[in-house]
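Trainee: the sequence isn't on hand, but the structure is:
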């Protein structure tokens, strides 16, 4: 009976089909690169779930890395870089820079700029922290990257994932996966990277500086801010319009008082949907065949350096500013770290480190000033780089 079934043409047919099935399996097509990237995906999931480091970002990105590194035979139209695949259609929003402005719309709709409006000089801290962007740009040029690639890499120093994706989609699409993952990685590692720098650069006396309570901001000021902010920034840097326009529009929806439903949708449902799509597709874009390159390793190194420089310059700038401020008006240097765009995590770090040295000194509201200024600053910096290099 069995000799009959597996003899002659029928037996060959079964063997050929089994061989064909085996050639399609992930086990057959797996490489060491796929396994390395799957390890990174599991690490992101661990940090997001077990350590609670930016879970809203790291969980979608981590799972996306797993999706993007399931090995398959080319031509099956399932990979993110294969035209016609579902993942490729979803990735369109990343490649064409659609998702980042929608994220900025949500950020604007959930952000209160009162701390910045009550003490406008805090905006200079957000501007100073952008030095990491241009420092990384110069370093990337020195390492042999093109000017456009260096500009896209430099924006990692702003700790702003959507801005990094938007700029890299325009200047360096081939490096977008590495740049995006690097930017989001360092955003998630804010609680690990920033505190040692803040403590190293400040004295005990500086860490316990008490700042004046922020003044009350009127509703009229809140409504006028996004309108004036849009006109001022985008007349100077029109190339930043997609990000800045949506940021200020979202904030106007929040502060106008007459579009509550739109503001709620932008800051909740829409923000959540876009975050899911952005995270998963960015993670899936890290296919081992395109991601594991010497350039990717250099990008991670430059990203770390630029983030450290941004934090350092923010803290040191506050110390410099205090030289010209009278006693009682001085700024606590622990809010200098918040000049990067990781909202509100960087501001929370200012608060946590400050409470460690004085349990009654609450810095969160003060830190939100440079933190939201950093969001604007990184978008302006991206606009400048895009205008010069695009």
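Mentor: Structure received. Just so you know, these numbers come straight off a predicted model, no measurement behind them.

Trainee: spit out the contact partners of the residue minimising distance to the centre of the chain.
Mentor: What sits nearest the mean C-alpha location of the chain, by CA atoms, centre = their mean, is residue 161, with 1.7 Å. Residues counted as contacts of residue 161 (CB atoms under 8 Å, 6 or more residues apart in numbering) are 57, 180, 183, 184, 187. Heads up, the C-betas are built off the backbone N, CA and C, glycines and all.

Trainee: what about the third one, neighbour count?
Mentor: Yep, that's residue 183 we're talking about. By the criterion of other CB atoms under 10 Å, residue 183 has 32 neighbours.

Trainee: show me the contacts for it.
Mentor: For residue 183, the contact set (CB under 8 Å, 6+ apart) comprises 155, 156, 159, 160, 161, 164, 165, 303.

Trainee: centre of the chain to stretch 234-241, how far?
Mentor: Mean-position distance between stretch 234-241 and its chain equals 21 Å (CA atoms, centre = their mean, to the nearest Å).

Trainee: show the average pLDDT along the host helix or strand of residue 165.
Mentor: Using DSSP states H and E, residue 165 sits within helix 161-171. Averaging pLDDT along helix 161-171 gives 92.

Trainee: hmm, back to that, output the contacts of residue 161 as TSV; include the columns pLDDT, distance to residue 221 and secondary structure.
Mentor: Output for the contacts of residue 161, formatted as TSV (pLDDT from 0 to 100; distance: CB to CB, whole Å; DSSP: H, G, I helix; E, B strand; the rest coil):
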residue	pLDDT	distance to residue 221	secondary structure
57	88	32	helix
180	89	35	helix
183	88	32	helix
184	86	33	helix
187	85	30	helix
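
Trainee: flag the shaky bits of the stretch 1-150 of the chain, pLDDT-wise.
Mentor: Low-confidence segments of the stretch 1-150 of the chain (pLDDT under 70): 1-11, 13.

Trainee: need the helices for it, in chain order.
Mentor: Taking DSSP state H, counting those that start in this stretch as the criterion, the stretch 1-150 of the chain carries its helices at 2-5, 8-24, 26-29, 32-49, 55-68, 86-95, 99-110, 114-118, 123-128, 131-142, 147-154.

Trainee: closest to residue 366 out of these?
Mentor: For these, proximity to residue 366 was assessed by CB to CB; helix 114-118 is nearest, at 6.5 Å.

Trainee: tell me the confidence at the spatially closest residue to residue 358 that is not a sequence neighbour?
Mentor: Nearest residue to residue 358 in three dimensions, chain neighbours excluded: residue 208, at 4.7 Å (CB to CB, 6 or more residues apart in numbering). Looking at residue 208, its pLDDT reads 95.

Trainee: also the one 10 residues further on?
Mentor: Confidence per residue is given as pLDDT, and for residue 218 that number is 96.

Trainee: show me which of the contacts of residue 161 are buried.
Mentor: Among the contacts of residue 161, those buried by neighbour count (16 or more other CB atoms under 10 Å) are 57, 180, 183, 184, 187.

Trainee: residue contacts, residue 44?
Mentor: By CB under 8 Å, 6+ apart, the neighbours of residue 44 are 58, 59, 61, 62, 65, 185, 283.

Trainee: residues contacting the closest residue to it other than its chain neighbours?
Mentor: If the residues on either side of it in the chain are set aside, residue 44 comes closest to residue 62, at 3.0 Å by CB to CB, 6+ apart. Residue 62 makes contact with 41, 42, 43, 44, 45, 47, 48, 283, according to CB under 8 Å, 6+ apart.

Trainee: the helix or strand encompassing residue 290: how far from the chain's middle?
Mentor: Using DSSP H and E, residue 290 maps to helix 288-291. Mean-position distance between helix 288-291 and its chain equals 21 Å (CA atoms, centre = their mean).

Trainee: same question for that helix, mean pLDDT?
Mentor: The average pLDDT within helix 288-291 is 82.

Trainee: what's in contact with that helix?
Mentor: With CB under 8 Å, 6+ apart, helix 288-291 has contacts from 31, 33, 34, 36, 37, 69, 81, 177, 178, 285.

Trainee: any idea which helix or strand comes after it?
Mentor: As assigned by DSSP H and E, the chain's next helix or strand after helix 288-291 is helix 294-322.

Trainee: buried ones in that next one?
Mentor: By neighbour count on 16+ other CB under 10 Å, the buried set for helix 294-322 is 295-296, 298-300, 302-319, 321-322.

Trainee: I'd like the next helix or strand past it.
Mentor: Remark: after helix 294-322, the chain's next helix or strand is helix 345-357, criterion DSSP H and E.

Trainee: circling back to that earlier point, closest one to residue 345 among the helices of the stretch 1-150 of the chain?
Mentor: Short answer: helix 55-68, nearest of the helices of the stretch 1-150 of the chain by CB to CB, at 10.3 Å.

Trainee: mind listing what's buried in that closest one?
Mentor: Buried residues in helix 55-68, counted by 16+ other CB under 10 Å: 55, 57-68.

Trainee: which of these lies closest to residue 218?
Mentor: For the buried residues of helix 55-68, the residue nearest residue 218 by CB to CB is residue 57; the value is 34.6 Å.
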